[in-house]
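>>> take this sequence and fold it.
(chains A, B, C and D)
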2 protein chains.
Amino acid sequence: MNIRTLCLGILHFRDATGYEINKAASEGSFSHFVMASYGSIYPTLTKLETDGLVSCREETEPGKPTRKVYSLNEEGRSALIEALSQEPRGDVFKSEFLFLSLFSNLLDPAHISSAVDQQIARVRDEINHLEEACEKCSKHASSRFAIGYGKAVNAAALDYLLKNRHRIEQSGKRNENEYEPPLQEVMG
Amino acid sequence: MNIRTLCLGILHFRDATGYEINKAASEGSFSHFVMASYGSIYPTLTKLETDGLVSCREETEPGKPTRKVYSLNEEGRSALIEALSQEPRGDVFKSEFLFLSLFSNLLDPAHISSAVDQQIARVRDEINHLEEACEKCSKHASSRFAIGYGKAVNAAALDYLLKNRHRIEQSGKRNENEYEPPLQEVMG
DNA sequence: CTCGTCATATATCGTTCCTATATATATCAG
DNA sequence: CTGATATATATAGGAACGATATATGACGAG
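I've put the predicted structure just below:
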């Protein structure tokens, strides 16, 4: 999903500045399943305005930098619905942690343990964050559905990490892991 | 994680061509937590060779296109270990499906149902794929750990989808969902 | 027997998007 | 008063994706 649709989607819920869109995408409850950064958001908003899908008003309060507040117009709303009517593509999941785990027998055991600890901490943070978000969205069924999905998935990840971390930490049993698989086995 | 490290990592397990690296990254068991495409793999392999981290031999079989088979050398192995020694960043999860689900009250119910069906199908495919991969990697503890993580997470997602799909399908009870939340609630 | 399709294999163009940084102001803590 | 944090806009530079072009062999459908 492109940043264009993301911006339209966020602006559907409320008028917002580029800064606020970035916050929604990287800290808010959107952040669990989207990604965006200033480098894409600001140019996209400019483009969206020249394309006539959003309008922009400048709010100038004395002594403060000018805020450019964008709002979705009817054309933008249509464009959003059209974009959402495409078949969604499959989820994207990338994990440096799991990639690293493949090479656990090459690395310092302390580094592996630390990586696992941090992974667990991140998953716990995510769950807490989702918990909070859930309370704030109590009235919006769709948000609760998306947040619930995140909670279910992260709870499973946490459980798995706690129960299986020993399998890459291998507490001194290095030899079991010396077998190096040919790529067929690793490739499927 | 950059494509450079990904290539080094895959070449650690076995010598491979660009084509095979792409396969490993987009169909093999690596595919559950990495992403790569030809547009990044081929230039990266060329760069890796000029940087002296991999060596390349051309295998020319008569009547077939030349294969460029890359293999990791000692310098490449060191570079891999150094890259893996950095603290891994948090996982990246992007879901067009969950984004779409936020707007379920704007969209054709049939489209939502179809999207859910397809999401369920994709998750089931993923689980089957991981199941197969697991059997092939039976001797490699680290691979089994990473695959197990994927299975746990996808199983949770499947379970959630089956039990909660009605919450965005809302079978005729449109009114419950007409409340439109201010962005604060959606942003957390 | 030929035609289309799929698997193997390399390569690159154009576009999208991320990372990092620069700039500016206000506030709050130490 | 100094540094950190939050608000807010903007862009340069590079990384990576998505799509496509090219070429060959194999294999089944018609």
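
>>> mind telling me which residue of chain A is nearest DNA strand C?
Scanning chain A for the residue nearest DNA strand C gives residue A:39, at 2.2 Å (criterion: Cβ to the nearest atom of the strand). Backbone N, C-alpha and C define where each C-beta goes, glycine included.

>>> so which helix or strand takes in residue A:160?
Assignment of secondary structure by DSSP states H and E places residue A:160 within helix A:141-164.

>>> and that helix, what does it pack onto?
In this structure, helix A:141-164 makes packing contacts with helix A:109-136, helix B:96-101, helix B:141-164, helix B:166-169, judged by 3 or more Cβ pairs under 8 Å, 6 or more residues apart in numbering or on different chains; DSSP states H and E.

>>> most neighbours per residue, which of those?
helix B:96-101 (a mean of 23; mean count of other Cβ atoms under 10 Å in any protein chain shown).

>>> would you mind naming what in chain A lies close to DNA strand D?
The interface of chain A toward DNA strand D, taken as Cβ under 7 Å from any atom of the strand, is made up of A:17-20, A:22-23, A:38-39, A:42-43, A:46, A:65-69.

>>> let's have the helices and strands packed on helix A:141-164 in TSV, adding distance to residue B:127.
Converted to TSV, these look like this (distance: least, Cβ to Cβ, whole Å):
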stretch	distance to residue B:127
helix A:109-136	20
helix B:96-101	16
helix B:141-164	5
helix B:166-169	22
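
>>> can you say which of those helices is nearest to residue A:33?
Distance to residue A:33, taken as Cβ to Cβ, is lowest for helix B:96-101 among those, at 4.2 Å.

>>> name the SS class of the residue of chain A closest to DNA strand C, please.
helix (DSSP: H, G, I helix; E, B strand; the rest coil).

>>> one step back: now the helix holding residue A:160: average pLDDT?
Mean pLDDT, computed over helix A:141-164, is 97.

>>> isn't residue A:91 right up against residue B:95?
Yes - counting by Cβ atoms under 8 Å, residue A:91 touches residue B:95, with 4.4 Å between them.

>>> overlap in contacts, the two.
With contacts taken as Cβ atoms under 8 Å, 6 or more residues apart in numbering or on different chains, residue A:91 and residue B:95 have residue A:33 as neighbours in common.

>>> which one's more surrounded, the two?
Comparing residue A:91 with residue B:95 by other Cβ atoms under 10 Å in any protein chain shown, the one with more neighbours is residue B:95, at 24 against 19.

>>> which residues touch the more buried one?
Counting by Cβ under 8 Å, 6+ apart, residue B:95 has contacts A:33, A:34, A:88, A:91, A:92.

>>> count of residues packed around the third one?
Translated: residue A:88. Taking other Cβ under 10 Å as the neighbour definition, residue A:88 ends up with a count of 20.

>>> residue A:53 now?
Close neighbours of residue A:53, defined as other Cβ under 10 Å, add up to 22.

>>> tell me the secondary structure for the residue nearest to it when sequence neighbours are not counted?
Nearest residue to residue A:53 in three dimensions, chain neighbours excluded: residue A:76, at 3.7 Å (Cβ to Cβ, 6 or more residues apart in numbering or on different chains). Taken by three-state DSSP, the conformation at residue A:76 corresponds to helix.

>>> so who does residue A:76 touch?
Contacts here follow Cβ under 8 Å, 6+ apart; on that basis residue A:76 touches A:8, A:11, A:48, A:53, A:54.

>>> cutoff 6 Å now
By Cβ atoms under 6 Å, 6 or more residues apart in numbering or on different chains, the residues touching residue A:76 are A:8, A:53, A:54.

>>> now do residue A:3
Applying Cβ under 6 Å, 6+ apart, we find residue A:3 in contact with A:36, A:40, A:44.

>>> and it, how far from chain B?
The spacing between residue A:3 and chain B, counted by Cβ to the nearest Cβ, to the nearest Å, is 12 Å.
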